[in-house]
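Engineer: Just a sequence and a predicted model for now, questions to come.
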Amino acid sequence: MKLRTLSVVCAFALMPVLATADNDRDNDNDSDNDVDIGQLFTGNNRVEQSDLANMTRDEIRLAGFRMFTNPFLKSDGYGDGNDSPPSPSAGGNHEGERGTLQNNGTFQRINGLDAQTCLECHSVISRRKVPMSFGIGGHGGVNNTVLGAGGGTQVDLQQADKNTNINGRVINPPFIFGAGGIELLANEMTIELQAQLAAAVPGETTPLSSKGISFGSVVTNAAGDIVENNVEGTFDLDPASPDFLVVAPFGRKGDQKSTRTFDTGALSFHFGMQVDEGIDEDLDGVVNEVTEGELSALSVFVATPQTPFAKKAKGEARRGQRIIADLGCTECHVPTMETNGKLLGFRSPEISQNPLANVHTTVDLTDKPMRFEENDDGGVTVELFADLKRHFMGSNLAEFNGDAMFTTMRLWGVADTAPYLHDGRALTITDAILEHGQDPASEAFDAVSNFRNASARDQAALLAFLDTLRSPNGTFNRLQKLAKRVAKKQGVK
């Protein structure tokens, strides 16, 4: 494994977001550099899509930084309106009000309207030591787990005579670190799979694979129609869908193809902030809650933080690195993948099956603060420990609707990111491993059985290796310094 030289010093608390620092090793914390970025890119200085062409990459990242960290207010469009009954849907365009706790008109906590800022749920850098350390873009904990209502139970917290039982999904927030490398991998995999599908020979079985990962096969007829569909591992298996054979690496379910797609749903679900063009979709009296340009900037920021890293594996940890492969864990938790290029393109509008269309901004993933290592082919090495594929994980991990399909969770940073699994039920890595293999139908059953049958020493060695996979420190000093220059240009005091 290639090693990074990043520091894991994270002994700062979540003070004003602006007082935190980037990974550029510039530790100038002079208060003269502190700028309230909540005052940037507001009023007449909001970001439109057309503005991006005249902004530097870091100015775009700074605008996204503001979107990620600044609390949304009702005057910004936070929340839903009062002209429709509560929506049972999670995310998307929910027309009208969702119920709120004790009819307070602000937070529901269940089925969204549960935070003011992305940072509230993505703020824990490491739980390895006590006290835990905080930063920007980290994972969450049980206290800020997302509660998504669903199923057949109506959730209405405004009226005491309504059924308030909860039947839904619980999602443990992961960190955003390294997201750019993951998105580039997924884009390249989608392009390769689409090319294989287009080149299918009628009547013959066409295997579909990318980066060494199999996604099944198809058989087509002379007209190019799929007559035998054995595609697996992607979230949409319908050949008629525009999302067919699209690798979607984000979300615990592996159903979000890009940071932009993920951000669109998150803004709507958590805050009631709609990405619109002069339409009050949630009926709260506010239009243009999030502009296309602001969404673009947010997606660039989310895809360009620091990258998780590995400490050098020594002694038992080095032996554990071999054991994790011997047990079969790395069949899904693939240690590294290589991209063909190092430039990640951000798109608007997005065409699922063509990640090269409508690119408005490109970022070199070898630049600071991402610092992915360039490979021999001009791409980058992504040390993710995952395959970007959906797998069946067994009935014990199934959600309320019986859905037990999850994308392989990336293990980079695993040493710092307890609790584990999609709903945080596993408080230790050992618990997480064993949960994968309770159901013999789980695709991880054999690997987990091998772990169960391994000696105590071998199990400890494997855990020692996983303890070398660390989170970066979640700081953004470079953007903090840029904020001062932008504030001066915008006349912000």
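Structural biologist: In hand now; what should we look at? Numbers count the residues shown, from 1 in each chain.
Engineer: Let me see the ranges of the helices in this structure.
Structural biologist: With DSSP state H, the ranges of helices along the chain come out as 57-69, 179-198, 259-266, 292-302, 315-326, 429-435, 445-453, 456-466, 477-490.
Engineer: right, and those helices - which one's nearest Ala240?
Structural biologist: Among the helices of the chain, the nearest to Ala240 by Cβ to Cβ is helix 179-198 (13.4 Å). Every residue, glycine included, has its C-beta placed from N, CA and C.
Engineer: just for this structure, where's the confidence low?
Structural biologist: 1-33, 82-97, 149-167, 277 (pLDDT under 70).
Engineer: list the buried ones in the lengthiest strand in it?
Structural biologist: Criterion DSSP state E: the longest strand present in the chain is strand 213-220. For strand 213-220, a neighbour-count test (16 or more other Cβ atoms under 10 Å) marks 213, 215-220 as buried.
Engineer: Can you tell me what sits against it?
Structural biologist: Here strand 213-220 makes contact (Cβ atoms under 8 Å, 6 or more residues apart in numbering) with 189, 193, 197, 200-209, 226-234, 239, 245, 247, 334, 387-389.
Engineer: farthest-separated two in the buried residues of strand 213-220?
Structural biologist: The most widely separated members of those, counting by Cβ to Cβ, are Ile213 and Thr220 (21.4 Å).
Engineer: ok, the buried residues of strand 213-220 vs Gln438, which is closest?
Structural biologist: Nearest member of the buried residues of strand 213-220 to Gln438, counting by Cβ to Cβ, is Ile213, at 25.1 Å.
Engineer: For that closest one, give the beta-bridge partners.
Structural biologist: Ser210 (DSSP bridges).
Engineer: distance of it from Glu331?
Structural biologist: Relative to Glu331, Ile213 is positioned 10 Å away (Cβ to Cβ, to the nearest Å).
Engineer: if we can go back for a sec, just the angle for the longest strand of the chain relative to helix 179-198, thanks.
Structural biologist: Calculated by axes from the mean of the first three to the mean of the last three Cα atoms, to 10 degrees, strand 213-220 forms an angle of 30 degrees with helix 179-198.
Engineer: and strand 213-220, how far from the chain's centre?
Structural biologist: How far strand 213-220 lies from its chain's middle: 26 Å, per Cα atoms, centre = their mean, to the nearest Å.
Engineer: Same check on stretch 402-411?
Structural biologist: The answer for stretch 402-411 is 13 Å, by Cα atoms, centre = their mean.
Engineer: For the closest residue to His422 other than its chain neighbours, give me phi and psi.
Structural biologist: Sequence neighbours aside, Arg252 is the residue nearest to His422 in space, at 4.3 Å (criterion: Cβ to Cβ, 6 or more residues apart in numbering). Note on Arg252: its backbone torsions stand at phi -60, psi -30 [degrees, to the nearest 10].
Engineer: my guess is Gly424 meets Asn144, correct?
Structural biologist: No. When contacts are counted by Cβ atoms under 8 Å, Gly424 is not listed as touching Asn144 (10.0 Å).
Engineer: Now do the contacts for Gly68.
Structural biologist: Wrong residue type there; residue 68 is Phe, not Gly. Contact analysis of Phe68 by Cβ under 8 Å, 6+ apart lists 117-119, 122, 136-137, 298, 301-302.
Engineer: farthest residue from the center of the chain?
Structural biologist: Centroid-distance maximum for the chain: Ala222 at 39.6 Å, with Cα atoms, centre = their mean.
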